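J.: need a structure here:
(4 chains)
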Number of protein chains: 2
Amino acid sequence: MAAIGDVARLAGVSKATASRALSGGGYVAEETRRRVEAAASEIGYIASPDAASLVTGRTKNIGVIIPFVNRWFFGEVLEGVERALLAAGYDLTLYNLSEQGPQRTRVFDFFLARKRVDAVIAIGVDLDDHEVAALERREKPLVALGGSGGADARLSVDDRAVGQLATEHLLHLGHARIAHLAGVGASARPTSVQGQRRRGHLDALAAAGVLDDEGPHLLETEMSLPGGYTGGLQLLGHPGARPTAVFAASDEMAIGTIRAAEKLGLDVPGDLSVIGVDGHEYAEMFELTTVEQYPGEQGRAAVDVVMALLLDDATAEPLPDSGAPLPTRLVVRATTSAPR
Amino acid sequence: MAAIGDVARLAGVSKATASRALSGGGYVAEETRRRVEAAASEIGYIASPDAASLVTGRTKNIGVIIPFVNRWFFGEVLEGVERALLAAGYDLTLYNLSEQGPQRTRVFDFFLARKRVDAVIAIGVDLDDHEVAALERREKPLVALGGSGGADARLSVDDRAVGQLATEHLLHLGHARIAHLAGVGASARPTSVQGQRRRGHLDALAAAGVLDDEGPHLLETEMSLPGGYTGGLQLLGHPGARPTAVFAASDEMAIGTIRAAEKLGLDVPGDLSVIGVDGHEYAEMFELTTVEQYPGEQGRAAVDVVMALLLDDATAEPLPDSGAPLPTRLVVRATTSAPR
DNA sequence: CTGAAAGCGCTTACAG
DNA sequence: CTGAAAGCGCTTACAG
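T.: Have a look, this model is predicted:
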């Protein structure tokens, strides 16, 4: 188990000098540095991160908490975060958080409370007060991507504007009976992603004065493809005034809705227009009109902010991207058209 | 920054006793233990894992290397691993490996080479000699789930049998012109998952004597839904003897193929039977016939093996599940039927 | 530019 | 059952 003492001996210097040559700053003669490096690589020396952390207080490790790994948006963000972290020489410790429950508290009170990470990135999680407090006590920077609850920095799409834009697109095409398939919790938690999208949808309807047509068609369901399928069946199978358009809160839901429409013998977009949100990798294949966002980029941006926070420490430097919402873009494809 | 010394002082014992009371084994009077625990929770003490690792050599941290996070199978496995690890009190450090390239070597030579993990779980990765050597040098247990290359233990589905079963199902229904949509690299790397599935497919055809019908219809493509879509278009759009059935190497490919068939105006299963592999969460919605496997369980099983390896150390205890292939099951739904 | 020494926060023989 | 001491492998003032 090669330790730094071995390297030092082989190079004929002290451990202090070996340490400085290998990692720390400090002056080291060029010639000495070369000798130390040669010695290190000769015996395959790699510093123990634990020992280094113990003295520097830095772990070079970032904790990432994320509610799903197997939803497109979250998976994309995670890959973006991982790539950026790796490039910066950081490890990523993953905490896949279930909705609620004892396992979740365990993560905050036990895992995250230990001093093993330099900072935490929370992706799309709604932090409650207890959780924020648990993190604050450890004085670790917390950067959030979407979600809600106290954080040192939060990157976020303007989900209300997204919802508004999606619905405006449908209104613009001439639709009046527009249903919204929202994520579970949209009305209960207005600050959540799904809540904001729903809010924007209602804003657009209200602004267009179509709200009272015959009351809004709103349904909450899992933000997944099967969720969109069963929700779509529900929305479209109901007798009476069928909506001519659906704004689904995610592309996965939108694709499920399209499938449901097909199942019921409805033509998309002839009988029903469908718009989603995300820019999912399947969107093109399904010719889905959607409001795109760029989760991979978002992950990278979150890492940039973390790195800035870790550097500046107390300094109140303006953070990269601070303030401005993350970019989104309406992409019109073939699942939306004027109503018949 | 509460340290164990503070706890000890508050409880009126030595650091050694405090340590024993809190974590280590060793005898501690019940009354003393209570006092120490009270003191610890009073000041919110949590042991520094780095300091503990330094002396015990155990990090309570497992490295997981995985090629994708955003493919259903891999996401499921990852969630299963994460849950099991969390339950065991272990952290999960994620290494999302790109196919090849400098970033990949960096993970093996730099990240994994450090002493930050107690063991490594490799999910669906084909390790080359250099990589295996890099891991062996660190004497960390390596357990593999699928994939290939040296490992201390490998859990695996019998992919050859899976391919055979899928094709036999189609043969049994009376199909003779059966195409196979294989994963990229299936013929180049016969030991890979996609290679084994292809092998099993060919076995079944050969056994049934239909191989020479007019030569096998084989196409390699990305093991994703868009991959299945473009592959399906290719396979089905070709003039001449169109296959009456397709065995797709994954459910995502199968769903893409179904979509392609619909696009071409073909009825499934009337004009084309489709079978996949996985038991994807979308399978039911698409009424997809498939050979199911259980990635969440597989992840959990891999963790069990790691824990056994970490416990037994040198002991050559028989590992849980050792030998037997992981379970799979043919689930017949509505995308396969007898040919017209 | 380099070395000796102290110390990061724990755990673990070793005595008692 | 408990305590004093050594040590895990580094890094960082402090002298020189």
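
J.: and for the helix or strand encompassing A:Leu233, what are the contacting residues?
T.: For A:Leu233, the element it lies in under DSSP states H and E is helix A:225-237. In this structure, residues lying in contact with helix A:225-237 by C-beta atoms under 8 Å, 6 or more residues apart in numbering or on different chains are A:179, A:181, A:217, A:219, A:221, A:242-243, A:246, A:248, A:250, A:252-261, A:263-264, A:266, A:272, B:281-282, B:284-285. For glycine as for every other residue, the C-beta is placed from the backbone atoms N, C-alpha and C.

J.: give the buried residues for that helix.
T.: Within helix A:225-237, the residues that count as buried by 16 or more other C-beta atoms under 10 Å in any protein chain shown are A:Leu225, A:Pro226, A:Gly227, A:Gly228, A:Tyr229, A:Thr230, A:Gly231, A:Gly232, A:Leu233, A:Leu235, A:Leu236.

J.: repeat that for stretch A:86-93.
T.: So for stretch A:86-93, counting by 16+ other C-beta under 10 Å, buried means A:Leu86, A:Tyr90, A:Asp91, A:Leu92, A:Thr93.

J.: that stretch near DNA strand D at all?
T.: No - using C-beta under 7 Å from any atom of the strand, stretch A:86-93 never reaches DNA strand D; the gap is at least 13.0 Å.

J.: just the buried residues of stretch A:86-93 now: which is nearest A:Leu311?
T.: Nearest to A:Leu311 among these is A:Tyr90, at 12.8 Å by C-beta to C-beta.

J.: for that closest one, what are phi and psi?
T.: phi -110, psi 150 (degrees, to the nearest 10).

J.: over to A:Ala186?
T.: phi -60, psi -40.

J.: could you list which of the contacts of helix A:225-237 belong to helices?
T.: Among these, the residues falling in helices (DSSP state H) are A:Glu252, A:Met253, A:Ala254, A:Ile255, A:Gly256, A:Thr257, A:Ile258, A:Arg259, A:Ala260, A:Ala261, A:Lys263.

J.: as a markdown table, the residues you listed with neighbour count and pLDDT would be great.
T.: Below are the ones in helices among the contacts of helix A:225-237 laid out as a markdown table (neighbours: other C-beta atoms under 10 Å in any protein chain shown; pLDDT from 0 to 100):
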| residue | neighbour count | pLDDT |
| --- | --- | --- |
| A:Glu252 | 27 | 96 |
| A:Met253 | 30 | 98 |
| A:Ala254 | 31 | 98 |
| A:Ile255 | 27 | 97 |
| A:Gly256 | 30 | 97 |
| A:Thr257 | 32 | 98 |
| A:Ile258 | 26 | 97 |
| A:Arg259 | 22 | 94 |
| A:Ala260 | 25 | 96 |
| A:Ala261 | 25 | 97 |
| A:Lys263 | 14 | 91 |
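
J.: which ones among those residues also lie next to chain B?
T.: A:Gly256, A:Arg259 (C-beta under 8 Å from any C-beta of the partner chain).

J.: who's in contact with the residue most central in space within chain A?
T.: In chain A, the C-alpha nearest the mean C-alpha coordinate belongs to A:Ile123, at 4.2 Å (C-alpha atoms, centre = their mean). The neighbours of A:Ile123, taking C-beta under 8 Å, 6+ apart as the test, are A:64-67, A:74, A:77-78, A:81, A:144-147, A:299, A:302.

J.: next, give phi and psi for it.
T.: Per-residue torsions, A:Ile123: phi -110, psi 110 (degrees, to the nearest 10).

J.: mind checking how far it is from A:Leu97?
T.: Computed as C-beta to C-beta, to the nearest Å, the A:Ile123 to A:Leu97 distance reads 10 Å.

J.: residues touching A:Pro325, list them.
T.: A:Pro325 sits in contact with A:Ser156, A:Val157, A:Asp158, A:Ala161, where contact means C-beta under 8 Å, 6+ apart.

J.: so how far is the helix or strand containing A:Phe73 off the chain centroid?
T.: Using DSSP H and E, A:Phe73 maps to helix A:72-87. From the chain centre to the centre of helix A:72-87 is a distance of 9 Å (C-alpha atoms, centre = their mean, to the nearest Å).

J.: equivalent analysis for stretch A:178-195, please.
T.: 17 Å.

J.: contact residues of the stretch 201-340 of chain A facing chain B?
T.: Checking the stretch 201-340 of chain A against chain B by C-beta under 8 Å from any C-beta, the hits are A:Ser224, A:Leu225, A:Pro226, A:Tyr229, A:Gly256, A:Arg259, A:Glu281, A:Tyr282, A:Glu284, A:Met285, A:Phe286.

J.: need the max-distance pair from these.
T.: A:Pro226 and A:Glu284 (21.1 Å).

J.: show the pLDDT at the closest residue to DNA strand D within the stretch 151-300 of chain A.
T.: Residue of the stretch 151-300 of chain A nearest DNA strand D, by C-beta to the nearest atom of the strand: A:Asp152 (23.4 Å). Note for A:Asp152: predicted pLDDT of 90.

J.: likewise A:Ala51?
T.: 92.

J.: list the buried residues for stretch A:173-193?
T.: A:173, A:175-186, A:192-193.

J.: please see if that stretch touches chain B.
T.: No - contact of stretch A:173-193 with chain B is not found when judged by C-beta under 8 Å from any C-beta; the minimum separation is 15.3 Å.

J.: how far does that stretch sit from its chain's centre?
T.: 20 Å.

J.: then stretch A:103-111?
T.: 20 Å.

J.: can I assume A:Phe247 is in contact with A:Val162?
T.: No - using C-beta atoms under 8 Å, A:Phe247 makes no contact with A:Val162, being 10.1 Å away.

J.: who has more neighbours out of those two?
T.: More crowded of A:Phe247 and A:Val162, by other C-beta atoms under 10 Å in any protein chain shown: A:Phe247, with 34 against 24.

J.: which SS class is the residue nearest to A:Ile65 when sequence neighbours are not counted?
T.: Distance criterion C-beta to C-beta, 6 or more residues apart in numbering or on different chains; nearest residue to A:Ile65, sequence neighbours excluded, is A:Tyr95 at 4.4 Å. What DSSP: H, G, I helix; E, B strand; the rest coil gives for A:Tyr95 is strand.

J.: double-check that A:Ala161 belongs to a helix.
T.: Yes - looking at A:Ala161 with three-state DSSP, it is inside a helix.

J.: residue ranges for the strands of the stretch 151-300 of chain A, please.
T.: Taking DSSP state E, counting those that start in this stretch as the test, the strands found in the stretch 151-300 of chain A are A:153-155, A:178-183, A:217-221, A:245-248, A:273-278, A:289-293.

J.: can the buried residues of helix A:225-237 go into CSV with extra columns for pLDDT?
T.: Formatted as CSV, the buried residues of helix A:225-237 follow (pLDDT from 0 to 100):
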residue, pLDDT
A:Leu225, 95
A:Pro226, 95
A:Gly227, 96
A:Gly228, 97
A:Tyr229, 96
A:Thr230, 96
A:Gly231, 96
A:Gly232, 96
A:Leu233, 96
A:Leu235, 93
A:Leu236, 94
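
J.: nearest spatial neighbour of A:Glu297, chain-adjacent residues omitted?
T.: Closest to A:Glu297 by C-beta to C-beta, 6+ apart is A:Gly80, at 6.5 Å.

J.: actually A:Ala161, not the one I wrote
T.: A:Gly200 (6.1 Å).

J.: that neighbour and A:His169 touch, don't they?
T.: No - assessed by C-beta under 8 Å, A:Gly200 is found out of contact with A:His169, at 11.9 Å.

J.: most packed of the strands of the stretch 151-300 of chain A?
T.: strand A:245-248 (a mean of 32; mean count of other C-beta atoms under 10 Å in any protein chain shown).
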